[in-house]
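S.K.: With the input below, show me the fold.
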Amino acid sequence: MNAPTTTHTSGILVVDDDAGLASTLQEFLQQEGYPVEVALSAAEALTLQERNPHLALALVDLVMPVTDGIALMEQLHRRNPELAVIIMTGYGTIETAVEAVKRGAEDYITKPFDRQAVRKKVARLMEVLELREHVAQLKASLDCCPSFQSFVFVSSLMQRVLEKARTAAATGAPVLLLGETGTGKEMLARAIHAASPRARAPFVPVNCGALPRELVESELFGVRRGAFTGAYADAPGVFSAASGGSVFLDEIGEMPRDAQVKVLRVLQEGELRPVGSPRPTRVDVRVISASNRSLTTLRSDHLREDLYFRISTVVIELPPLRTRLEDVLVLAQHFAGRLTHRYGRNITLTRSALDLLLNYSFPGNVRELENLLEGAAVLSVEDPQTITSKDLKTLLDVRIPAASPSAFSENPLSLECLERLAIQQALRVCQGNRSKAASLLGISRDTLYRKLRASDEEA
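M.R.: Numbers count the residues shown, from 1 in each chain. Modelled structure (predicted):
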């Protein structure tokens with residue numbers, strides 16, 4: 001008996017009223033590395049499926065007493081539409097087997113079995129099924145962990161930021177992210193981690209400014225039982241919890257200088273000493289830091305110089321929203337679409353609302369834009385709902401009693417001009433693919449064509 005070269009996790013169900021044939025097929029497939037269960041009747045097959053709902057493939061005999069193979073296949077599919085079925089048939093019933101394929105079977109095999117044919121057909125199907133499962137797992141991973149594709153933009157400023165971040169992600173170098181509150185520093189840090197070789201390991205964020213000063217060291221580096229009153233058990237710190245992955249030190253400029261010395265040791269030596277421990281512990285993490293302060297202020301007033309040089313191998317500055325007005329348009333459309341899905345009603349913005357947004361300075365950046373539109377959505381029950389400038393002004397007055405002047409009040413840009421800029425950049429980002437550009441802009445392809453024609457006529 002040859003040992004299997006590959007071990008598969010997806011199970012196979014063999015259904016045949018001929019116990020000897022079923023046993024032979026089970027033994028053969030197990031030699032190929034598949035976990036296999038056998039049922040000698042349709043009723044037994046349904047019981048086994050109920051016990052193991054994650055079966056990937058069923059090999060079902062076409063001719064069986066009480067319930068034939070096609071009827072059983074339909075019952076199996078009602079319970080699990082994703083279950084692949086191969087019909088087993090004699091030469092005299094091939095036409096019926098072909099009919100079974102038309103009704104949902106993936107393939108059929110003939111008796112007596114040609115082992116090579118069975119091996120190829122089962123391997124092909126299982127490979128497809130395992131690939132499908134892998135894609136589903138990857139999609140789930142991307143859904144819970146922001147990737148670079150999560151960023152909505154058409155501006156060249158953001159394009160350069162993400163290009164630099166993608167390059168940095170592939171390395172193990174420390175990254176320092178700079179940007180105002182609400183520009184998406186943590187989202188970018190998560191995307192860098194998700195695109196790095198450490199993606200399968202933990203990403204552990206910590207806000208250095210929110211840590212009580214007396215607990216900074218124990219939170220970051222861990223604590224041993226009895227180290228101080230209340231330390232009733234060993235507790236891992238942030239760095240140990242992120243072993244093999246990434247630590248995100250948000251607002252690192254707020255970290256006390258004595259704690260900075262220990263962070264420096266982690267970066268230099270790859271080891272830390274938990275509070276109350278006589279011995280250092282090895283740790284392997286990547287450090288991604290962030291601050292809303294300027295690079296000059298951070299370096300001169302808030303960080304030890306040696307730590308600054310360690311964490312700033314790669315420095316990425318996220319631009320404020322007011323410097324990339326073309327992104328306001330696509331972000332507003334994106335958030336309106338998200339709110340439409342969340343609240344189950346169609347939500348759009350008027351031209352006057354977009355004009356107001358384009359002349360607002362957004363001190364809270366992208367986060368403020370998202371919260372502003374959601375505030376307008378939750379205060380209405382209209383379906384469809386059209387957000388107007390009046391709706392937004394009310395919220396802006398509440399949020400900012402003394403309205404901040406727009407950075408572009410001296411040289412306002414028209415909505416038409418910004419639309420042209422956004423369309424041009426979207427086409428560059430999508431390499432000329434108009435369908436993709438329309439999707440990115442949140443408009444139909446026909447609308448994009450109409451705006452392009454209008455732009456050409458004006459030129």
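
S.K.: which ones are touching Arg304?
M.R.: 257, 260-261, 264 (Cβ atoms under 8 Å, 6 or more residues apart in numbering). The C-beta positions use only the backbone N, C-alpha and C, and glycine is treated the same way.

S.K.: All the strands of this protein, residue numbers only.
M.R.: 12-15, 36-39, 57-61, 84-90, 107-111, 175-178, 203-207, 246-250, 271-272, 281-282, 286-291, 314-317, 347-349, 385-387 (DSSP state E).

S.K.: Now do the fourth one: which elements does it pack against?
M.R.: Yep, that's strand 84-90 we're talking about. strand 57-61, helix 69-79, helix 94-102, strand 107-111, helix 115-144 (3 or more Cβ pairs under 8 Å, 6 or more residues apart in numbering; DSSP states H and E).

S.K.: Give me the mean pLDDT for that strand.
M.R.: Strand 84-90 carries an average pLDDT of 90.

S.K.: in it, what counts as buried?
M.R.: 84-89 (16 or more other Cβ atoms under 10 Å).

S.K.: now the last one
M.R.: Residues of strand 385-387 classed as buried: 385, 387 (neighbour count, 16+ other Cβ under 10 Å).

S.K.: coming back round to it: want to throw the strands of the chain into JSON lines with distance to Glu305?
M.R.: Below are these laid out as JSON lines (distance: least, Cβ to Cβ, whole Å):
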{"stretch": "strand 12-15", "distance to Glu305": "63"}
{"stretch": "strand 36-39", "distance to Glu305": "64"}
{"stretch": "strand 57-61", "distance to Glu305": "62"}
{"stretch": "strand 84-90", "distance to Glu305": "62"}
{"stretch": "strand 107-111", "distance to Glu305": "67"}
{"stretch": "strand 175-178", "distance to Glu305": "14"}
{"stretch": "strand 203-207", "distance to Glu305": "22"}
{"stretch": "strand 246-250", "distance to Glu305": "17"}
{"stretch": "strand 271-272", "distance to Glu305": "21"}
{"stretch": "strand 281-282", "distance to Glu305": "26"}
{"stretch": "strand 286-291", "distance to Glu305": "15"}
{"stretch": "strand 314-317", "distance to Glu305": "15"}
{"stretch": "strand 347-349", "distance to Glu305": "48"}
{"stretch": "strand 385-387", "distance to Glu305": "49"}
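
S.K.: Identify whichever of the ones you listed lies nearest to Ala438.
M.R.: Closest to Ala438 of the strands of the chain, according to Cβ to Cβ: strand 347-349, at 16.1 Å.

S.K.: Just put the buried residues of strand 84-90 in CSV and tack on distance to Ala100.
M.R.: Listed next are the buried residues of strand 84-90 as CSV, based on distance: Cβ to Cβ, whole Å:
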residue, distance to Ala100
Ala84, 13
Val85, 8
Ile86, 10
Ile87, 5
Met88, 10
Thr89, 8
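
S.K.: Count the neighbours of Gln49 for me.
M.R.: Neighbour count for Gln49, taken as other Cβ atoms under 10 Å: 21.

S.K.: what's near enough to touch it?
M.R.: Contacts of Gln49 (Cβ under 8 Å, 6+ apart): 13, 55, 58, 76, 79-80, 83.

S.K.: Could I have the buried ones of those residues as PyMOL selection syntax?
M.R.: The following PyMOL line selects those of the contacts of Gln49 that are buried, judged by 16+ other Cβ under 10 Å:
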select buried, resi 13+55+58+76+83
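
S.K.: and of the contacts of Gln49, the nearest to Ala377?
M.R.: In terms of Cβ to Cβ, no member of the contacts of Gln49 lies closer to Ala377 than Asn80, at 38.1 Å.

S.K.: how about stretch 213-226: buried residues?
M.R.: Across stretch 213-226, burial judged by 16+ other Cβ under 10 Å covers 216-224.

S.K.: As PDB, could you dump the C-alpha coordinates of it?
M.R.: Extracted C-alpha coordinates of stretch 213-226, given in PDB (Å, rounded to 0.1, in the frame of the first residue of the first chain):
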ATOM      1  CA  ARG A 213       1.300  56.600  33.300                       C
ATOM      2  CA  GLU A 214       1.800  54.200  36.200                       C
ATOM      3  CA  LEU A 215       0.700  51.200  34.000                       C
ATOM      4  CA  VAL A 216       2.500  52.000  30.800                       C
ATOM      5  CA  GLU A 217       5.300  49.400  31.300                       C
ATOM      6  CA  SER A 218       3.000  46.600  32.500                       C
ATOM      7  CA  GLU A 219       0.600  47.200  29.600                       C
ATOM      8  CA  LEU A 220       3.400  47.200  27.000                       C
ATOM      9  CA  PHE A 221       5.800  44.600  28.400                       C
ATOM     10  CA  GLY A 222       3.700  42.500  30.700                       C
ATOM     11  CA  VAL A 223       3.800  41.700  34.400                       C
ATOM     12  CA  ARG A 224       4.700  38.800  36.600                       C
ATOM     13  CA  ARG A 225       2.500  37.600  39.400                       C
ATOM     14  CA  GLY A 226       3.300  39.500  42.700                       C
END
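
S.K.: who's in contact with it?
M.R.: In contact with stretch 213-226 (Cβ under 8 Å, 6+ apart) are residues 206, 208, 211, 227, 231-240, 255-256, 258-259, 262-263, 272-277, 281.

S.K.: same thing but 7 Å
M.R.: 211, 231-240, 255-256, 259, 262, 272-277 (Cβ atoms under 7 Å, 6 or more residues apart in numbering).

S.K.: Which one of the contacts of Arg304 sits in the busiest neighbourhood?
M.R.: Gln260 (22 neighbours).

S.K.: where does the stretch 101-250 of the chain have low pLDDT?
M.R.: Within the stretch 101-250 of the chain, the set of residues satisfying pLDDT under 70 comprises 131-146, 225-234.

S.K.: list the contacts for the closest residue to His302 other than its chain neighbours?
M.R.: With sequence-adjacent residues excluded and distances taken as Cβ to Cβ, 6 or more residues apart in numbering, His302 is closest to Gly253, at 3.6 Å. Gly253 sits next to 291, 293, 298, 302-303 when contact means Cβ under 7 Å, 6+ apart.

S.K.: cutoff 8 Å now
M.R.: By Cβ under 8 Å, 6+ apart, the neighbours of Gly253 are 208, 291, 293, 297-298, 301-303.

S.K.: likewise Arg119?
M.R.: Arg119 touches Glu32, counting by Cβ under 8 Å, 6+ apart.

S.K.: can you check Val204 too?
M.R.: Val204 touches 238, 241-242, 245-248, counting by Cβ under 8 Å, 6+ apart.

S.K.: how about a cut-off of 7 Å?
M.R.: Residues in contact with Val204 (Cβ under 7 Å, 6+ apart) are 238, 241-242, 245, 247-248.

S.K.: how close does it get to Arg198?
M.R.: 11 Å (Cβ to Cβ, to the nearest Å).

S.K.: Common neighbours of the two, please.
M.R.: Both Val204 and Arg198 are contacted by Gly245, under the criterion Cβ under 7 Å, 6+ apart.

S.K.: Quick check: phi and psi at Arg200.
M.R.: When quoted as degrees, to the nearest 10, the phi and psi of Arg200 stand at phi -80, psi -10.
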